[in-house]
Every structure is written in structure tokens, then in C-alpha cells.
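Enquirer: sequence? don't have it. structure:
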């Protein structure tokens, strides 16, 4: 998915500037240029509409959305690098963007989507354990997959699918460790019921006084504690 976002340069910094922008319906953001020799260049402070940024983040492609950023009459392709939400209101407080070099591969996180119902669940009473819900892949910006589908319908009990088992795709390459577990079918854990031990029956003998149970002494008695030290 592609999106368009308008940005305006800002001069002020700090909490006061952030509050002023929010009153105007905008939030502070920074746009970083394309990496050069592995170094992140100095960012350009801008202001953007938080509603538009949230709309992008909540889309199917989420943070992997290619954004046409309009700034000072120019336009560049960027992606969301990072963002900050208010922990209470979940309002967007800040966002970072980085400019893309469209001919250079990048590494992004892509969600895993499970398809089908495992045979080990239907036939053997197992449970599907979804272990890893996203992996990192390397690809060109225009080849970022929105998701990676994993068919689990043939999985039997105690069988699994790992990153190395994924179908290869010429447009992207998984960089997450190939041994990383994605899904597996496990046996449900039996609920452990601990039975209360049965009390031993005490048989009374005629003419005898039942013996009192032995008391295990823990600590000193009150008399011993009150006795003066010699």
C-alpha cells in the first residue's frame, strides 16, 4: 500500500513546542535522509497530522507502508521508522520517518498469518501453538510483502513449521534464524488434580484412653521464653 502525507518544517523544539503543535492538531516528527555508508544523517524536524499517520499505521501494511512525503514543494519516499503513543490515551505523540533509496534492499518485519486447521487438531485432539507471529525479511522497498501465509492444515501432533520451511520467494529473503519455530501442534496439558490424603482411622480400644497426637515443637514455649537467663 502507498500513502501520501503532508509535512511542514518546524523550528521550535521541546515540550512547549510539542504542546503548541498539538493545539493546532499536529505533532512533532523527524525525517531522516537515506543512510550513507551505514550512517544515519541528521534529521529534519517537521510537523504532521497525527490522524493521517495513525491511518497509515492501522492499514494492512502498517509501518511497512510506502509514504509519499510532501515537504517544501518536494516529495520523497519514506517509511515510519518509529513512533510514540501516550500510555494512557494511546494518542500519537511523535513519529520518525526515514527516506528510502528505492534501489537498495531494506530489512523489515512482516507478520505471519496461519491458514487452515491442522490435522493434528481435528484428528488427534492436539492444540496449535502459534509461537512466532512476525519475522524479518530483506527486500527492495517496492517488494515488501504485507504478510506471509503459512498453511498448517497438514500438521500432525508434535509436528512444526520453522522459518527454514517457508516457501522461497524471489522478491524477499528471510533473515530471521531458520531454526526459529513459527507454529507447532502440541498435546493439551492435562489438568493435575491433587487428591487430599485420607486421614488414618483411629481405632479406640475399650478401657484405654486414646493417645493424644504428638505435637511437633517449633520454637520455645511461653514459659521457656519468660524464664530469666542465667
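Expert: Good, I have the coordinates. Since the model is a prediction, treat every value here as computed from it, not as a measurement.
Enquirer: which stretches of the chain form strands?
Expert: 2-9, 27-32, 44-48, 66-71, 74-85, 92-99, 106-115, 127-130, 134-139, 148-151, 160-162, 172-174, 181-186 (DSSP state E).
Enquirer: of these, which is nearest residue 56?
Expert: Closest to residue 56 of these is strand 2-9 (Cβ to Cβ; 5.0 Å). To be clear about C-beta, it is placed using only N, CA and C from the backbone, and glycine gets the same treatment.
Enquirer: what helices or strands is that closest one leaning on?
Expert: On a contact count with 3 or more Cβ pairs under 8 Å, 6 or more residues apart in numbering; DSSP states H and E, strand 2-9 meets strand 44-48, helix 50-57, strand 66-71.
Enquirer: who does that strand pair up with?
Expert: strand 44-48 (antiparallel), strand 66-71 (parallel) (DSSP bridges).
Enquirer: and of the ones you listed, who's closest to residue 8?
Expert: When those are ranked by distance to residue 8, counting by Cβ to Cβ, first place goes to strand 44-48 at 5.1 Å.
Enquirer: tell me the angle that closest one makes with strand 92-99.
Expert: Here strand 44-48 runs at an angle of 130 degrees relative to strand 92-99 (axes from the mean of the first three to the mean of the last three Cα atoms, to 10 degrees).
Enquirer: for residue 101, give its distance to residue 135.
Expert: 23 Å (Cβ to Cβ, to the nearest Å).
Enquirer: so the two - more neighbours on which side?
Expert: It is residue 135, of residue 101 and residue 135, that has more neighbours when counted by other Cβ atoms under 10 Å, with 19 against 14.
Enquirer: what's the pLDDT at the more buried one?
Expert: Note for residue 135: predicted pLDDT of 98.
Enquirer: can you tell me the centre-most residue of the chain?
Expert: Closest to where the C-alpha atoms of the chain average out (Cα atoms, centre = their mean) is residue 133, at 8.0 Å.
Enquirer: distance of it from residue 9?
Expert: Where residue 9 is concerned, residue 133 sits at a distance of 38 Å (Cβ to Cβ).
Enquirer: so what's the closest residue to residue 147 other than its chain neighbours up against?
Expert: Nearest residue to residue 147 in three dimensions, chain neighbours excluded: residue 113, at 4.7 Å (Cβ to Cβ, 6 or more residues apart in numbering). Contacts for residue 113 (Cβ atoms under 8 Å, 6 or more residues apart in numbering) come out as 147-150.
Enquirer: could I get these as CSV with distance to residue 97 and neighbour count?
Expert: Output for the contacts of residue 113, formatted as CSV (distance: Cβ to Cβ, whole Å; neighbours: other Cβ atoms under 10 Å):
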residue, distance to residue 97, neighbour count
147, 23, 12
148, 25, 19
149, 29, 12
150, 31, 18
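Enquirer: now do the domain split for this protein, please.
Expert: For the chain, automatic domain parsing gives the domain ranges 2-102, 107-186.
Enquirer: weakest of the ones you listed by average pLDDT?
Expert: domain 2-102 (a mean of 90).
Enquirer: one step back: among the strands paired with strand 2-9, which is nearest residue 161?
Expert: Within those, the stretch nearest residue 161 is strand 66-71; the backing value is 29.3 Å (Cβ to Cβ).
Enquirer: now do the buried residues in the closest one.
Expert: The neighbour-count check on strand 66-71 (16 or more other Cβ atoms under 10 Å) flags 66-67, 69, 71 as buried.
Enquirer: stretch 20-38 too?
Expert: So stretch 20-38, judged by 16+ other Cβ under 10 Å, has buried residues 21-22, 26-32.
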